[in-house]
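Student: no sequence on hand, only this structure:
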């Protein structure tokens, strides 16, 4: 009997290690010890990897091996509590660009499928935590709304040859808390990941199973799932709180856009692992309600509603948008749409833009023509002045006149003679008087 109880306790510990902590409300994983915990997580959503029982934070190091590239030796990218840049290793360089240390824990802000691999936290040579993570592609996430009668995927059986029959299924996390309280009707969601049950072995995330078994089948490339259903929170029900590793955030922002432009509002702290809901001008929004509208407004499936999208904004979309994570206000966005008056048809905007662009093109063309004419006129005027300067000295030759530079000596000599001296003039006057007396 004691042996049976011990086996059940060990089995429970293994299941807890394999499952994400606290129903994935804060995407914080804890796996103490040197034995790796195999788990699946969603790409494009932040995750915390816990490094417990550290006595010397400055001696903590994190190591990584990329399983999608064949694995190999784990290499350090955090040493002495600091991120290390390794430009010669592309895998580590990409990882460092999205990694952040919160004390000794590792936060990956936006992991991708190619970041799947082994993560190990050490203090000196002692292994404090070890993870093998399969980041499943959020682009292939399948959404099912219970209110629309949509159901999750069923189990599949795959013939793996010598490995036997493989069962592919979705391993679901716990239902998250209702996204709004005060006994208001809201929605809740849960996340499921693709797993493979191997005969006489533990279940593996599909990505790790493909690498382990060396098989590529459509069933093993099955994507993760997201299920949403209506709910009404009870007064005593409290939502899962976000990770206390970082302080609360309240983002206030004003977005100014033009009509028919896309708008993207990202809720701080929201992820697929936490309850999140949106309000527009004080009215609560739901997955089902937005689906029933015209389709220009939607919630991003990859982040579990953490991003609000408007495909083509209009003046009617202007207003106040607020988002709540675990029923706590974290984002407040004021959207302003400028350009059209309320009710103007889109065709009028396109026509006015066409006329405006045509006027601009015409103005630019006229300016170019005017500049070309001025340049041509300036060149012609300069050439005309140069010709006149060369023709003007020869203008008198046709009437028999000599040019100034070829004047005769007789014309030049009188101008060069000096007037007679005063003494000479006095000497000449007596002779003149004598001649008069003789006469």
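Tutor: Structure's in. What do you need? Here the structure is a predicted model, which means the values were calculated and not measured. Residues are numbered from 1 along each chain as shown.
Student: for the chain, just list every one of the helices.
Tutor: 2-18, 90-97, 206-213, 287-292, 346-391, 409-416, 422-438 (DSSP state H).
Student: where's residue 208 relative to residue 309, distance?
Tutor: Counting by Cβ to Cβ, to the nearest Å, the gap from residue 208 to residue 309 is 32 Å. Where C-beta positions appear, they are placed from N, C-alpha and C, glycine not excepted.
Student: between these two, who's got more neighbours?
Tutor: residue 208 (20 against 15; other Cβ atoms under 10 Å).
Student: residues contacting that one?
Tutor: By Cβ atoms under 8 Å, 6 or more residues apart in numbering, the contact set of residue 208 is 38, 67, 116, 132, 134.
Student: who does the nearest residue to the second one once chain neighbours are set aside bridge with?
Tutor: Once its chain neighbours are removed from consideration, residue 67 has its nearest residue in residue 117; the separation is 4.4 Å (Cβ to Cβ, 6 or more residues apart in numbering). Per DSSP bridges, the residues bridged to residue 117 are residue 66, residue 133.
Student: now do the one 4 residues further on
Tutor: When bridges are called by DSSP bridges, residue 121 pairs up with residue 62, residue 129.
Student: so it touches residue 81, yeah?
Tutor: No. Counting by Cβ atoms under 8 Å, residue 121 sits too far from residue 81 to count as a contact (11.5 Å).
Student: overlap in contacts, these two.
Tutor: With Cβ under 8 Å, 6+ apart as the test, residue 121 and residue 81 both reach 60, 104.
Student: who has more neighbours, those two?
Tutor: More neighbours surround residue 121 than the other of residue 121 and residue 81, with 26 against 16 (other Cβ under 10 Å).
Student: strands of the stretch 151-300 of the chain, start to end?
Tutor: 156-159, 165-172, 185-197, 204-205, 225-232, 251-257, 263-266, 276-280, 283-285, 297-299 (DSSP state E, counting those that start in this stretch).
Student: against which helices or strands is the last one packed?
Tutor: Where contact means 3 or more Cβ pairs under 8 Å, 6 or more residues apart in numbering; DSSP states H and E, strand 297-299 is packed against helix 287-292, strand 307-310.
Student: how far does the shortest one sit from the chain's center?
Tutor: Here strand 307-310 shows a centroid-to-chain-centroid distance of 15 Å under the convention Cα atoms, centre = their mean, to the nearest Å.
Student: neighbouring strands - and their directions - for it?
Tutor: In its sheet, and by DSSP bridges, strand 307-310 pairs with strand 263-266 (antiparallel), strand 297-299 (antiparallel).
Student: what's opposite residue 252 in the beta bridge?
Tutor: residue 332.
Student: find me the pLDDT at it, would you?
Tutor: You'll see residue 252 listed with a pLDDT of 91.
Student: and it, how far from residue 140?
Tutor: Residue 252 is 35 Å from residue 140, by Cβ to Cβ.
Student: okay, these two: which has more neighbours?
Tutor: Here residue 252 and residue 140 are set side by side on neighbour count (other Cβ under 10 Å), and the busier one is residue 140, at 15 against 8.
Student: these two touch, right, that one and residue 225?
Tutor: No. The criterion here is Cβ under 8 Å, and residue 140 misses it with residue 225 at 9.8 Å.
Student: so where is the stretch 151-300 of the chain shaky, pLDDT-wise?
Tutor: Per-residue confidence for the stretch 151-300 of the chain (pLDDT under 70) gives these ranges: 163, 235-248, 294.
Student: would you map out the domains in this protein?
Tutor: 15-136, 141-232, 251-337 (automatic domain parsing).
Student: now these in JSON lines, with distance to residue 366?
Tutor: Shown next, in JSON lines, are the domains of the chain (distance: least, Cβ to Cβ, whole Å):
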{"stretch": "domain 15-136", "distance to residue 366": "51"}
{"stretch": "domain 141-232", "distance to residue 366": "55"}
{"stretch": "domain 251-337", "distance to residue 366": "28"}
